[in-house]
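Undergrad: structure here, sequence nowhere to be found:
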């Protein structure tokens, strides 16, 4: 795990791709893409159904580790229209102590009513002190943006023609982009400038590489 | 009419054309009219169409004596061809005989190029002979009431069977035949094949293992001998000759006199990008060829291709630069000369290409070999011998291709639905699925109905449904439509159409190449320099560009590897070179190729050695890139890929280390940032054949190879939807990368038969287990010569500069990251 400080606030970065905001006692999770596997299966593509449970198991692990008061999903929580995975999500919600907040993303096409019925707060963007939480990266004067959407990844190159591709947290001057949390999602390779900070998610550690 | 009278009709027609039937044609007529099945081994341009079409017509005349006045409607024969381009030729030949004998029989074509309107018309009234591809035949099987279409079918001819045999299209053909055998009662099945190593097996695969059809079958050989002249194009000075590279453009000038001295020349390149480059460079340097030289490859639009083919026939072209797109079929009488650029990698392919020239009786086929780098000259020399010996390869049929089976079952469910009890015996009767177990069969049925083996709660999987009477049926229109779009076993990247902004279709191009371009970039395509304007949906809109420099699309698609026969010839050639090098006074005349190679061989000998037949060479040296270890088994790419990852894996067990592995047809390289302890490697007997498969399976590399195989399997089995034609709309949500899918299967369902098939194909078709064992045994007999060199040797150069590489590591991920960071800081 890695700890970073942004404007006197402390953020822990975990290998699973979540970040824990200590001052707010908030767990930040981007791009879970629930429902993707069910969506495929519904249309006749036989993706293994046993994989569905994994996202929930990994969420449970993160919650157990940080014991947050709030869980904030930075968009693209659901990949698709309402399907059977919604029921699993409902079950999962019932076991949560923390307040659940969703910043809607481009994939979140499920009606907000369904969320509010389950007690999930849903926003287009959320201000917490001087931090602005959105799904799409949006930089605005005088605020720090925390977001997802991009699925950032980073390519490391070494001697003897070696290279590695890993998902990463990407921090620029006024922005922190979280990696996609969901299983069964791709990554987009980032090209950092010298002043940008890149933290790659390895198996057991988060390592700063730029 | 009796048989004699029937044959007289054919004989009479031949005499009218001024021809005399070949013995093999008469044999085929006779066998067919006796009701036999069979395989005809005959080369292109030998009159093979008439060997089988004639008796099909005669059979009809016999059954319908009043044929001149009354036409019996309905499909009577199907002619399956692997290439759409061939269908026109066959149709012309068939129509000619059908008309001139007043049989009243009609001929139609149904391929991917056939218009929607014509398809609909065919459905209403089928032609008597339908010329089609395996894919289009399966599409017919996916239409309602298909058994009615086929019930009066007398014959199926599978043309160029050798081409289909070693691919999944062969499996597709086997499955279609298994169904049609039941639907059509009086069916005769014939295949036509060029010469391959396993003709008997080819017949068995076509007709079904231990089938009744096989028992009533015959193998007919045309035995037409043709003289082939092979010449190498040798550069005048070896100094300028590159050690690697695969374009051969430095010999461009040498090609010009060959073109000028021959009526028409076909210039074969190994890849489409090489084809584009050769065309462009030739036109730039010799503009006088404009209008006389054309280009032909699979991504160019159909009209242009057909135009080029027609232009070859009527002698209006001096030369055509082409790829394997002109390997097959059609006869081009004016073609006098062939030029092969770069190694053809197999003897059969080389002979096939040579055979495209010199069609006039008595004329020899003439082929020039143009090496693209120095070491390929050894290949040239080996090819000369191969042609003398006619050492042709086998085509290995696929076994247990569950992806094709799953697709086929869904096809049947889309049309009329099927009962497993009826279909199972048919499938078991094919060569491909003769070993299918009840359990595997149940697995396939579960897969298409439940999408897995166990029912989960909340599951909404929908594809094939089981109706109350036990019929397996697709009832959802969307599922049926997506399935029809995806029938076939040739998987390519998403293809985008290239068009001018003002309209005008140019061809198709792979998405991943376009994705690397931005508007304003210039690229070469179809011999033109084009500027990308924008990408709209599945269309690439372009303008003509006057810029000289441009990017050339590299089409993906596997690189070809040496066949076993080719590798053996190459080794012999090399050993001979080594012997002649040490015994200077030997009276043996050296081939011109080896003479030309002399300076490079000298340098190799100086810095390392040229291995003799009892020696296995290993070279090690250090460069800025790291520590290189090069091994030279001379066994062909595929075997080297396997050996490389086997060795890397075994070394990585001794201590944590990361490798990058490169390989070509001569040898392979292990590259690392740490020095490899070669003595330790030799002491530990790492070339042992013990636990061979187990070690390979564990090496990460086998997983990577399986991952690539899985890409095709996932598409064929319908796990990945490749999109609606020309539409990105809404399909995007159903597209996923097969890479991610592979990981999901690995982690959650590794007993899935399709997932396992990816590994099986890797071992059987890619790693070639059999050849691998033989190679290891041979190495065991040899003396290992380890040379620690100062710098890269001539032999090593083409390998170490290869950018296509595999990886293997036994280090902890965290350690690797830290070390990369440290190296970066230095």
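TA: Now that the structure is in, tell me what you want to look at. Note that the coordinates shown come from a computational prediction; the quantities given were computed from them, not determined experimentally.
Undergrad: the residue in the stretch 301-450 of chain B positioned nearest to chain A: which element?
TA: Among the residues of the stretch 301-450 of chain B, residue B:447 lies closest to chain A, at 6.1 Å counting by CB to the nearest CB. All C-beta spots, glycine's among them, are computed from the backbone N, C-alpha and C. Residue B:447 is part of helix B:438-450, with elements assigned from DSSP states H and E.
Undergrad: what segments of chain A are helices?
TA: Remark: helices assigned in chain A by DSSP state H are A:36-42, A:52-66, A:85-94, A:112-117.
Undergrad: figure out which of the ones you listed is closest to residue A:169.
TA: Residue A:169 sits nearest to helix A:52-66 of all these, at 14.5 Å, using CB to CB.
Undergrad: what is that closest one packed up against?
TA: Packing partners of helix A:52-66 (3 or more CB pairs under 8 Å, 6 or more residues apart in numbering or on different chains; DSSP states H and E): strand A:26-29, helix A:85-94.
Undergrad: got these as a markdown table, with distance to chain B columns?
TA: Shown next, in a markdown table, are the helices and strands packed on helix A:52-66 (distance: least, CB to the nearest CB, whole Å):
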| stretch | distance to chain B |
| --- | --- |
| strand A:26-29 | 19 |
| helix A:85-94 | 5 |
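Undergrad: my read: the residue of the stretch 301-450 of chain B closest to chain A touches residue A:46, true?
TA: Yes. Counting by CB atoms under 8 Å, residue A:46 is a contact partner of residue B:447 at 6.1 Å.
Undergrad: quick check: the residue of the stretch 301-450 of chain B closest to chain A vs residue A:44, distance?
TA: To residue A:44, residue B:447 is 11 Å away according to CB to CB, to the nearest Å.
Undergrad: what's the local residue count around residue 117?
TA: Using chain A. For residue A:117, the neighbour count with other CB atoms under 10 Å in any protein chain shown is 10.
Undergrad: my bad, chain B
TA: Residue B:117, neighbours per other CB under 10 Å, totals 8.
Undergrad: contact partners for the nearest residue to residue A:205 once chain neighbours are set aside?
TA: Nearest residue to residue A:205, sequence neighbours excluded (CB to CB, 6 or more residues apart in numbering or on different chains): residue B:814, at 5.4 Å. The contact partners of residue B:814, taken as CB atoms under 8 Å, 6 or more residues apart in numbering or on different chains, are A:202-205, A:207.
Undergrad: about what we covered before: with respect to burial, which of the helices of chain A scores highest?
TA: Greatest average neighbour count among those goes to helix A:36-42 (a mean of 25), per mean count of other CB atoms under 10 Å in any protein chain shown.
Undergrad: is that helix anywhere near chain B?
TA: Yes. Using CB under 8 Å from any CB of the partner chain, helix A:36-42 reaches chain B at A:36-42.
Undergrad: list the contacts of the residue nearest the centre of chain A.
TA: Centroid-nearest residue in chain A, with CA atoms, centre = their mean: residue A:30, separated by 1.7 Å. If a contact means CB under 8 Å, 6+ apart, then residue A:30 has A:17, A:73-76, A:147-149, A:177-181 as its contacts.
Undergrad: next, work out how far apart the residue nearest to it when sequence neighbours are not counted and residue A:106 are.
TA: Nearest non-adjacent residue to residue A:30, counting by CB to CB, 6+ apart: residue A:148, 2.7 Å away. Relative to residue A:106, residue A:148 is positioned 11 Å away (criterion: CB to CB).
Undergrad: next one: residue A:161
TA: Taking CB to CB as the measure, residue A:161 falls 37 Å from residue A:106.
Undergrad: circling back: which one of the contacts of residue B:814 is nearest residue B:782?
TA: Lowest distance from residue B:782 to those (CB to CB) belongs to residue A:203, with 41.4 Å.
Undergrad: number of residues surrounding the closest one?
TA: Summarising burial for residue A:203: neighbours were counted as other CB under 10 Å, giving 9.
Undergrad: circling back to that earlier point, can you tell me which of the contacts of residue A:30 end up in strands?
TA: A:73, A:147, A:177 (DSSP state E).
Undergrad: who wins for most neighbours among those residues?
TA: residue A:73 (27 neighbours).
Undergrad: can you pull the contacts of the nearest residue to that one once chain neighbours are set aside?
TA: Closest residue in space to residue A:73, ignoring its immediate chain neighbours: residue A:102 at 4.7 Å, by CB to CB, 6+ apart. Neighbouring residues of residue A:102 by CB under 8 Å, 6+ apart: A:72-73, A:75, A:77, A:108, A:115, A:120-123.
Undergrad: and for residue 209, the neighbour number?
TA: Looking at chain A here, since you left the chain open. 19.
Undergrad: switch to chain B, that's the one I care about
TA: Neighbours of residue B:209 (other CB under 10 Å): 16.
Undergrad: I'd like to know how far it sits from residue B:540.
TA: Going from residue B:209 to residue B:540 by CB to CB gives 47 Å.
Undergrad: repeat that for residue B:211.
TA: As for residue B:211, its distance to residue B:540 is 48 Å (criterion: CB to CB).
Undergrad: which residues are in contact with the residue of the stretch 501-650 of chain B found nearest chain A?
TA: In the stretch 501-650 of chain B, no residue comes nearer to chain A than residue B:626, which is 3.4 Å away by CB to the nearest CB. Residue B:626 sits next to A:159-161, B:671-673 when contact means CB under 8 Å, 6+ apart.
Undergrad: kindly report the same for residue B:255.
TA: Contacts of residue B:255 by CB under 8 Å, 6+ apart are B:233, B:267, B:282, B:339, B:370.
Undergrad: now it: which helix or strand?
TA: Applying DSSP H and E, one finds residue B:255 within helix B:252-260.
Undergrad: neighbours around the residue nearest to residue B:500 when sequence neighbours are not counted, how many?
TA: Spatial nearest neighbour of residue B:500, excluding adjacent residues (CB to CB, 6+ apart): residue B:542 at 6.2 Å. For residue B:542, the count of nearby residues is 24 (other CB under 10 Å).
Undergrad: specify the beta-bridge partners of residue B:542.
TA: Per DSSP bridges, the residues bridged to residue B:542 are residue B:500, residue B:532.
Undergrad: give me the neighbour count for the nearest residue to residue B:64 once chain neighbours are set aside.
TA: Excluding its sequence neighbours, the residue lying closest to residue B:64 (CB to CB, 6+ apart) is residue B:72, at 5.3 Å. By other CB under 10 Å, 14 other residues sit near residue B:72.
Undergrad: ok, residue B:72 to residue B:280 distance?
TA: Applying CB to CB, the value for residue B:72 to residue B:280 is 54 Å.
Undergrad: does chain B sit close to the strand ranked longest in chain A?
TA: Using DSSP E, we find that the single longest strand of chain A is strand A:162-172. Yes. Counting by CB under 8 Å from any CB, chain B is contacted by strand A:162-172 at A:162, A:164, A:166.
Undergrad: quick one: which of those residues is nearest residue B:519?
TA: Distance to residue B:519 across the residues of strand A:162-172 next to chain B (CB to CB) is lowest for residue A:166, with 31.1 Å.
Undergrad: my read: that closest one touches residue A:202, true?
TA: Yes. At 6.7 Å, residue A:166 counts as touching residue A:202 under the criterion of CB under 8 Å.
Undergrad: higher neighbour count, these two?
TA: Using other CB under 10 Å as the criterion, residue A:166 and residue A:202 rank with residue A:166 on top: 22 against 19.
Undergrad: tell me the contacts of the more buried one?
TA: Residue A:166 touches A:153-154, A:156, A:200-202, B:817, counting by CB under 8 Å, 6+ apart.
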